[in-house]
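Student: How does the following fold in three dimensions:
(one chain, ligands or ions: 1)
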Amino acid sequence: MKPILKVQHVAKSFGKGNKEIQVLQNVNLAINESSLTALKGRSGSGKTTLLNLIGTLDKPSEGKIYFQDNEISQYSEKQSSELRRLNFGIIFQSYGLIPLLTVAENIEFGLRITDVPRKEWKKRIEESIDLVGLTKRVKHRPYELSGGEQQRVAIARAIAPKPSLILADEPTAELDSYMAFRMIQVFQELTQNDKITILMTTHDPGILEMLDDVYALEAGKLADDY
Ligand SMILES: Nc1ncnc2c1ncn2[C@@H]1O[C@H](COP(=O)(O)OP(=O)(O)OP(=O)(O)O)[C@@H](O)[C@H]1O
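Tutor: Numbers count the residues shown, from 1 in each chain. You can find the predicted model right below:
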């Protein structure tokens, strides 16, 4: 199978001089197209930092990242935002929902910036809300929802445009074990039916066996044995 995403010898440090913190060291990954992969590791091991580098939200200090054979770690701000807009769906730990908009409007807002034709928006909104099981909450605003429901809206917003790559930071953190299982099943269906590649971070040992690949980060390095 062909990797859609390659991370080669990536290092990341923050700060300078004696305040420098080395967060990632010599990370190498090859993520296959249409696979569901997790990065696991303790809090502070560098999972979010690595996801941010892959999502072109930050640049590595060393090494290269390729998406569909393009070296995206070299992209300008403009190229990066275009790449994210058209190819990536990002689920942040903080959800990033817009408080004044309803569930459906939040998802529509996500679709607006993509190249999905307007006539398809309604169907995409309905489908994605149905997939995350929030049909009865369409007209609610984020503050009227539980943390887990908000997390599912963030998932629906990322999947509605059917991007090539979904990067999901702890997408099941707020969900109970049944709902976490359901969401991973949805991710499996997206990889199989829509050829979407999904890279997620997780702490949850209960879902690891549902994934195609699991990489373990330990203090900024990929563990040999995972
Ligand atoms: N902008 C930054 N400046 C300085 N240090 C940072 C910055 N971002 C992250 N770090 C440090 O990098 C380390 C890894 O953080 P990161 O958020 O990637 O870990 P994580 O594995 O995602 O943790 P968690 O599971 O708690 O989200 C932490 O020690 C953190 O303090």
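Student: So in terms of bridging, what pairs with the residue positioned nearest the centre of the chain?
Tutor: In the chain, the centroid-proximal residue (C-alpha atoms, centre = their mean) is Leu167; its distance is 1.6 Å. For Leu167, the residues forming beta bridges with it (DSSP bridges) are Ile90, Leu199.
Student: Please tell me how far it sits from Gln22.
Tutor: According to C-beta to C-beta, to the nearest Å, Leu167 stands 23 Å off from Gln22. Backbone N, C-alpha and C define where each C-beta goes, glycine included.
Student: so where's the longest helix in this protein?
Tutor: Looking across the chain with DSSP state H, the single longest helix is helix 177-193.
Student: quick one: it to chain centroid distance?
Tutor: 14 Å (C-alpha atoms, centre = their mean, to the nearest Å).
Student: So which elements touch it?
Tutor: Applying 3 or more C-beta pairs under 8 Å, 6 or more residues apart in numbering; DSSP states H and E, we find helix 177-193 packed against strand 36-40, helix 147-159, strand 165-169, strand 197-202.
Student: Mind doing that once more with 10 Å?
Tutor: When contacts are defined as 3 or more C-beta pairs under 10 Å, 6 or more residues apart in numbering; DSSP states H and E, helix 177-193 packs onto strand 36-40, helix 121-131, helix 147-159, strand 165-169, strand 197-202.
Student: With mean pLDDT added, can I get these in TSV?
Tutor: Output for the helices and strands packed on helix 177-193, formatted as TSV (pLDDT from 0 to 100):
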stretch	mean pLDDT
strand 36-40	96
helix 121-131	97
helix 147-159	96
strand 165-169	97
strand 197-202	96
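Student: Now do the contacts for the residue nearest to the centre of the chain.
Tutor: If you count contacts by C-beta atoms under 10 Å, 6 or more residues apart in numbering, Leu167 has them with 5, 50-52, 54-55, 57, 84, 88-92, 158, 197-201.
Student: try Tyr143
Tutor: Per C-beta under 10 Å, 6+ apart, neighbours of Tyr143: Leu97, Pro99, Leu100, Gln150.
Student: closest to the ligand among those residues?
Tutor: Nearest to the ligand, judged by C-beta to the nearest ligand atom, of these is Gln150 at 17.5 Å.
Student: Would you check how far apart the closest one and Tyr75 are?
Tutor: Plainly put, Gln150 is 31 Å away from Tyr75 if you go by C-beta to C-beta.
Student: which of the two has more neighbours?
Tutor: With neighbours defined as other C-beta atoms under 10 Å, Gln150 and Tyr75 compare such that Gln150 has more, 21 against 18.
Student: Noted, bye for now.
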